[in-house]
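Asker: please find the sequence and the predicted model below.
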Amino acid sequence: QVQLVESGGGLVQAGGSLRLSCAASGGTFSNYAMGWFRQAPGKEREFVTAISWSGGSTYYEDSVKGRFTISRDNAKNTVYLQMNSLKLEDTAVYYCAAVKATYYSSSYSRARYDYWGQGTQVTVSS
């Protein structure tokens with residue numbers, strides 16, 4: 001059983017930056033690809049980005065490309081989401097999630113994920 005705990009959310013002005021962290025415990029971190037999803041009020045949880053078990057491959061939802069960067073440190077069992085040039089529409093609860101490494105190619109799919117964190121609120125103000 002893998003536990004995931006997100007941190008780093010908060011209130012930021014449009015154009016600002018935040019760095020989210022997600023610490024994993026209870027499993028072998030490098031057995032999993034990792035993803036970030038977000039859920040805005042009244043909307044479904046949506047894919048943001050994912051990273052392969054080694055960190056050698058990443059991909060992003062179109063609206064965050066060039067602004068967000070996912071990375072991981074397997075020695076620290078942690079995945080990060082650096083968010084720059086934040087926009088009002090980035091306001092949401094952000095969740096990290098773990099999916100078996102073999103399913104990385106379909107890690108855009110929420111249904112693939114085995115474990116989820118509790119989420120951290122990101123609010124972008126004007």
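Answerer: Ah, there it is. Residues are numbered from 1 along each chain as shown.

Asker: need the pLDDT of the one residue sitting closest to the centre of the chain.
Answerer: The chain has residue 36 as the residue nearest its centroid, 2.1 Å off, counting by CA atoms, centre = their mean. Per-residue confidence at residue 36 stands at 98 (pLDDT).

Asker: next up, the contacts around it.
Answerer: Neighbour list for residue 36: 20, 22, 48, 49, 50, 70, 79, 81, 94, 95, 96, 97 [criterion: CB atoms under 8 Å, 6 or more residues apart in numbering]. All C-beta atoms are positioned from the backbone trio N, CA, C, and that covers glycine.

Asker: surely residue 22 meets residue 117?
Answerer: Yes - with contact defined as CB atoms under 8 Å, residue 22 and residue 117 form a contacting pair (5.9 Å).

Asker: name the residues contacting each of those two.
Answerer: Residues touching both residue 22 and residue 117 (CB under 8 Å, 6+ apart) are 4, 5, 6, 96.

Asker: excluding its backbone neighbours, what's nearest the third one?
Answerer: This points to residue 6. Spatial nearest neighbour of residue 6, chain neighbours left out: residue 120 (4.1 Å); criterion: CB to CB, 6 or more residues apart in numbering.

Asker: how close does that neighbour get to residue 34?
Answerer: Going from residue 120 to residue 34 by CB to CB, to the nearest Å gives 15 Å.
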